[in-house]
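**Student:** Next comes the sequence, and after it the predicted model I'd like to discuss.
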Amino acid sequence: MGEMGETGAQGSRGTLGVAVIGTGRMGADHVRRINDVISGARVAAVADIDAGRAERLAHGIKGATAYTEPAAAMDDPGVDAVLIASPGPAHEAALLDAFARDLPVLCEKPLTPDAASALRVLEAEQKLGHRRVQVGFMRRYDAGYRTLKSLLDKGAYGRPLMLHNKHRNADTPPGFTNAMMINDSVVHEIDVTRWLLDEEITAVRVLRPAPTDNAPEGLSDPQLILFETTGGQVVDTELFVNCRFGYQVSCEAVCEAGTARIGDDHGVYVNTAGHWGGTITPGFVERFEDAYDRQVQHWVDATRRGEVEGPSCWDGYAAAAVCEAGVLAQATGDRVVVELIERPDLYR
Ligand SMILES: NC(=O)C1=CN([C@@H]2O[C@H](COP(=O)(O)OP(=O)(O)OC[C@H]3O[C@@H](n4cnc5c(N)ncnc54)[C@H](O)[C@@H]3O)[C@@H](O)[C@H]2O)C=CC1
Ligand SMILES: O=C1[C@@H](O)[C@H](O)[C@@H](O)[C@H](O)[C@H]1O
């Protein structure tokens, strides 16, 4: 254990030594964030099954060691906490490794890619007897979503009846599948729906219009996803992941006495010869930069106080259960009911 472990996490002011698992796009961005943007933490170890990638990243960081095994990185003497940024199917093993060492974790979304594995993680955390995981649903740290949440919580426009979401990506990485459209992309709308409305999602439907010619063969893009909630609200999401023109995420809440919409900020509004308007961010890294920074700072601060806050394994499990229903709804065209276990005491 690093400095934090020697002094004790509770109330300690030591710098948090973080092992970053997975050094691809998000892992490398989180390493940069920990090194250059936020305070109170340092990268003590990185791990990637691609040894060269891990070594190249560790090379530029004083005191960081590269590993190929996540468990070996967690055993590094400088490590107090773990940030998991490997692909979703690798999360369960890394989470169980972290639990075996009782280390605090920030786990990128999705918690895991299916409900059964998410349930195993939920059960393993309960065996520890305390929460250890914050799930990387970073939209909860975005300024626009936070404002919308506080307006809804105050009942500013009365009871929310519907949400209209848009989620557009310019393009998809190689190997992106229809299931990933739900598990990797719509999982964000699943989380913001549950969080903004404070309700569970009870059923899912998916409509698949004729696909764009810009989508890779076999990808049904765009899709329209409909959720029903325990509160009787209906939520629609347009997901269009090969729209070509940039990255757009917005959410409009329709309430009894008004509507509130976020995500339309296009920066400076310009008038010039033959042109008017703003800009569109190219991708999620730019659109949600502040949210990622706030999310990681929040995790570091809570961990240094010996606390665990933010989206929990319950949120990760509930999202995985909705994703599973969504993938089935996508394949069959049916309305699929979401099956959830009763919420355990640890997450009440
Ligand atoms: N919050 C957000 O907006 C975003 C979150 N993500 C999430 O971040 C995670 C990583 O995504 P990307 O960085 O885009 O993927 P990526 O493919 O760019 O990087 C993943 C890295 O993990 C490594 N890896 C694979 N299996 C591993 C294992 N068992 N142990 C250690 N390393 C392993 C790969 O070699 C690769 O370097 C995923 O969970 C993804 O859903 C991704 C994009 C945006
Ligand atoms: O999490 C993310 C990606 O994994 C996903 O592939 C994108 O569609 C999302 O916009 C992004 O936020």
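**Tutor:** Nice, thanks for sending it over. Numbers count the residues shown, from 1 in each chain. Ligands and ions are numbered 1, 2, ... in the order given.
**Student:** and the stretch 101-250 of the chain, which of its residues are near ligand 1?
**Tutor:** By C-beta under 6 Å from any ligand atom, the part of the stretch 101-250 of the chain that sits against ligand 1 consists of Glu108, Lys109, Gly136, Met138, Asp184. Glycine gets a C-beta too; all of them are placed from N, C-alpha and C.
**Student:** Count the neighbours of the last one for me.
**Tutor:** If you count neighbours by other C-beta atoms under 10 Å, Asp184 ends up with 20.
**Student:** Name the SS class of it, please.
**Tutor:** In the three-state summary, Asp184 is assigned as helix, counting by DSSP: H, G, I helix; E, B strand; the rest coil.
**Student:** out of the residues of the stretch 101-250 of the chain next to ligand 1, which one sits closest to Gly175?
**Tutor:** Closest approach to Gly175 among these (C-beta to C-beta): Asp184, at 11.2 Å.
**Student:** okay but that closest one is in contact with Pro110, surely?
**Tutor:** Yes: counting by C-beta atoms under 8 Å, Pro110 is a contact partner of Asp184 at 6.9 Å.
**Student:** what is in contact with those two at once?
**Tutor:** Gly88 (C-beta atoms under 8 Å, 6 or more residues apart in numbering).
**Student:** Any stretches of the stretch 101-250 of the chain with poor pLDDT?
**Tutor:** Counting by pLDDT under 70, the stretch 101-250 of the chain shows no low-confidence range.
**Student:** how about the nearest residue to the residue in it positioned nearest to ligand 1, chain neighbours excluded?
**Tutor:** The nearest approach of the stretch 101-250 of the chain to ligand 1 comes at Glu108, 3.6 Å away (C-beta to the nearest ligand atom). With C-beta to C-beta, 6 or more residues apart in numbering as the measure, Gly136 is the residue that lies nearest to Glu108, at 4.3 Å, once sequence neighbours are left out.
**Student:** how about the one you found, what does it touch?
**Tutor:** Contacts here follow C-beta under 8 Å, 6+ apart; on that basis Gly136 touches Leu106, Cys107, Glu108, Lys109, Gln295, Pro311.
**Student:** As a markdown table, those with distance to ligand 2 and neighbour count would be great.
**Tutor:** Putting the contacts of Gly136 into a markdown table (distance: C-beta to the nearest ligand atom, whole Å; neighbours: other C-beta atoms under 10 Å) gives the following:
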| residue | distance to ligand 2 | neighbour count |
| --- | --- | --- |
| Leu106 | 15 | 25 |
| Cys107 | 13 | 28 |
| Glu108 | 8 | 21 |
| Lys109 | 6 | 23 |
| Gln295 | 12 | 25 |
| Pro311 | 14 | 24 |
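**Student:** Among these, which ones are in helices?
**Tutor:** Cross-referencing the contacts of Gly136 with the helices (criterion: DSSP state H) gives Gln295 as the overlap.
**Student:** Counting only strands, which of the contacts of Gly136 make the cut?
**Tutor:** Among those, the subset assigned to strands under DSSP state E consists of Leu106, Cys107, Glu108.
**Student:** Which one of these is nearest to Arg120?
**Tutor:** Using C-beta to C-beta, Cys107 is the member of those that lies nearest Arg120, at 13.9 Å.
**Student:** Please tell me I have it right and Val285 contacts Asp29.
**Tutor:** Yes: with contact defined as C-beta under 8 Å, Val285 counts as touching Asp29 (6.1 Å).
**Student:** Settle it for me: which of these two has more neighbours?
**Tutor:** Between Val285 and Asp29, Asp29 has the larger neighbour count (other C-beta under 10 Å), namely 16 against 13.
**Student:** how near is that one to ligand 2?
**Tutor:** Relative to ligand 2, Asp29 is positioned 12 Å away (criterion: C-beta to the nearest ligand atom, to the nearest Å).
**Student:** hang on, that residue packs against Glu286?
**Tutor:** No: if you go by C-beta under 8 Å, Asp29 and Glu286 don't touch, sitting 10.9 Å apart.
**Student:** Could you list every helix and strand in contact with the helix or strand containing Glu125?
**Tutor:** Here Glu125 is covered by helix 115-128, with elements defined by DSSP states H and E. If contacts are counted by 3 or more C-beta pairs under 8 Å, 6 or more residues apart in numbering; DSSP states H and E, helix 115-128 sits against helix 91-100, helix 313-332.
**Student:** wait, which of those helices is closest to ligand 1?
**Tutor:** With distances scored as C-beta to the nearest ligand atom, the stretch of these nearest to ligand 1 is helix 91-100 (6.5 Å).
**Student:** Look up how far Ala100 lies from the residue of the stretch 201-348 of the chain found nearest ligand 1.
**Tutor:** Shortest the stretch 201-348 of the chain-to-ligand 1 distance, computed as C-beta to the nearest ligand atom: residue-wise this is Phe284, at 4.5 Å. For Phe284, the distance to Ala100 under the criterion C-beta to C-beta, to the nearest Å works out to 32 Å.
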